[in-house]
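In: below is the structure, and that's it, no one-letter string:
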């Protein structure tokens, strides 16, 4: 490149090549390998814990859990909602900001989408594990059978099946076609035969033809445009799982937006945590800059304040309607036996969050990480609170009960976080370019063109 | 498909350019010069190149729309059919309840649209195709430093191996190479 020093754009090309090297060096020449090995080993132990918990569950049935008759959803369904919610942030960051032409998204979208995928897989497992007769899970799908039976399509449970399955397929395809051009780079940079074949097959023979790019761009952007309302529909549908049940405290009309925003809130918290860790672990300060942390902090703050509005609206709703049982549920949340989950959610979600009003706190990785962690735990508590505080005291005194998760519920959940959520994510970081190199170069090229056009 | 098939011996003339801007300029000039069977290879999508090559294939959006309509119709009709095939009458409520059917209709529309769009994109691009004459070129590939290529295919009406190569050099190409079709003619 020595002859092109004075050529316009040569500086940008040098920058682009540095970006590519920085990103591609992670999967090709893995820096800090022993840390990864250690993390991988720990996650494998969690996977074993998960598998043991599943075997115990399958051998004994859901009786090994703490689920009771008024509270028959328990941890399984609250975790399901928690995981789907986390997933939504990946799609929103990637798709919404792509449509808005926000170039800073390019440093975050790839791993955020990978997070979406693993989160949706975790979420999708829970209803099956919760079924009891798990071997009949495919009865949810409409297929011609000798019993002449069809699913009940007016039930939110069937909607759920379609929503989550569609979401999983769409997130996978969106992530994958966004990955293909970078897989082609991996293919051409791979030194060993194994890598060449692995990335070569996955890259589908991508050669960057202008015709291919034009169609790729069309399908990528259209999929993004469809993915945004899909996210809204999926989480609104989950709120309908609640709203369709005649349970006090579940029939508030604020539920769909409240759920969608809460989902985005918890997801942005997890994305912030992952961004901070990746940036630290691979010295990616040039790519995931302070500006990215700043913007993530702002997103988190905005979603958090909107979720806080949902909390206020819920209280207002109960007080304004004045239904005896709704008020009872409200006071159960404040002072009942599960009040810790309510106050835990309020405190962890909204108190540390206020620090994000200061820019210095947003761009300081440690505070952003800790606030992200606090929000993640807080939003988990919120889902638990929404489920348990309403279910354990119904309209009828005869259906009053109590609920405490059993050991096997906790072990399943912890095993799932380590073994089904983090483990595939670690593999993704290890073997795939975790940040989209070609999209960063594309935006650099476009920015330059715009500057020249001035 | 605009690319020459295996029956044409010369796949085309491939020229490398130093930057994306040069490539766009070269593509414009080549179009002006009367070359029609052109393509370019770039490491990232370039809007300017799509315009320079006058690519206006909008089949992917139409396929997406079609997939969405088919998906929505299939989703809705599935629910109508199954409710008649296995009626679950509850409190005299209507069997066909459009409000209750909308969510699955929407999800099926999304699924149909996205599947049609993405699979259509791959199909129209003739991908996956792991083997291609352009991979035989010496400097072709996605490396750390970006490389930009313009190709005039061997089936272009104005194609002449030496003339086209010379023309590419006048456009400022840093390297020009003739590519042969590596597959045996059928």
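Out: Noted; the coordinates are in hand. None of these values were measured; they are calculated from a predicted model.
In: A strand includes residue B:12, no?
Out: Yes: applying DSSP: H, G, I helix; E, B strand; the rest coil, one finds residue B:12 inside a strand.
In: so what's it up against?
Out: For residue B:12, the contact set (CB atoms under 8 Å, 6 or more residues apart in numbering or on different chains) comprises B:4, B:37, B:151, B:152, B:153, B:154, B:156, B:159, B:178, B:179. From N, CA and C alone the C-beta is placed, and that goes for glycine too.
In: okay, now the unreliable bits of chain A?
Out: For chain A, the stretches with pLDDT under 70 are A:1-9, A:449-454.
In: hang on, residue A:412 packs against residue A:129?
Out: Yes: using CB atoms under 8 Å, residue A:412 is in contact with residue A:129, at 7.2 Å.
In: now do the shared contacts for those two.
Out: A:54, A:57.
In: rewinding a little: for the contacts of residue B:12, which single residue is the most surrounded?
Out: residue B:151 (27 neighbours; other CB atoms under 10 Å in any protein chain shown).
In: tell me which element that residue falls in.
Out: Secondary structure assigned from DSSP states H and E places residue B:151 in strand B:148-153.
In: in terms of secondary structure, what does that strand contact?
Out: Contact here means 3 or more CB pairs under 8 Å, 6 or more residues apart in numbering or on different chains; DSSP states H and E; on that basis strand B:148-153 packs against strand B:10-17, helix B:20-32, strand B:38-41, helix B:161-170.
In: hmm, 6 Å instead?
Out: For strand B:148-153, the contact count by 3 or more CB pairs under 6 Å, 6 or more residues apart in numbering or on different chains; DSSP states H and E identifies strand B:10-17, helix B:20-32, strand B:38-41 as packing neighbours.
In: just to revisit the earlier point, residue A:412 and residue A:129: which is more packed in?
Out: A direct count of neighbours by other CB under 10 Å for residue A:412 and residue A:129 places residue A:412 higher, at 29 against 20.
In: pLDDT weak spots in chain B?
Out: In chain B, residues with pLDDT under 70: B:1, B:183-186.
In: what about the helices in it?
Out: B:20-32, B:47-52, B:59-85, B:98-124, B:161-170 (DSSP state H).
In: next: the stretch 351-454 of chain A.
Out: Using DSSP state H, counting those that start in this stretch, the helices found in the stretch 351-454 of chain A span residues A:359-363, A:365-391, A:407-416, A:423-431, A:437-453.
In: so for the first one, what gets flagged as buried?
Out: I take that to be helix A:359-363. By neighbour count on 16 or more other CB atoms under 10 Å in any protein chain shown, the buried set for helix A:359-363 is A:361, A:362, A:363.
In: tell me which of these is nearest to residue A:229?
Out: residue A:362 (29.2 Å; CB to CB).
In: do I have it right that the closest one meets residue A:356?
Out: Yes: with contact defined as CB atoms under 6 Å, residue A:362 reaches residue A:356; the gap is 5.5 Å.
In: who touches both of the two?
Out: residue A:297 (CB atoms under 6 Å, 6 or more residues apart in numbering or on different chains).
In: need the contacts of residue B:12 in JSON lines with distance to residue A:36, can you?
Out: As requested, the contacts of residue B:12 are arranged in JSON lines below (distance: CB to CB, whole Å):
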{"residue": "B:4", "distance to residue A:36": "47"}
{"residue": "B:37", "distance to residue A:36": "48"}
{"residue": "B:151", "distance to residue A:36": "41"}
{"residue": "B:152", "distance to residue A:36": "47"}
{"residue": "B:153", "distance to residue A:36": "46"}
{"residue": "B:154", "distance to residue A:36": "48"}
{"residue": "B:156", "distance to residue A:36": "51"}
{"residue": "B:159", "distance to residue A:36": "52"}
{"residue": "B:178", "distance to residue A:36": "46"}
{"residue": "B:179", "distance to residue A:36": "41"}
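In: can you name the two of these that sit furthest apart?
Out: Longest span within the contacts of residue B:12, CB to CB: B:37 and B:178, 14.9 Å.
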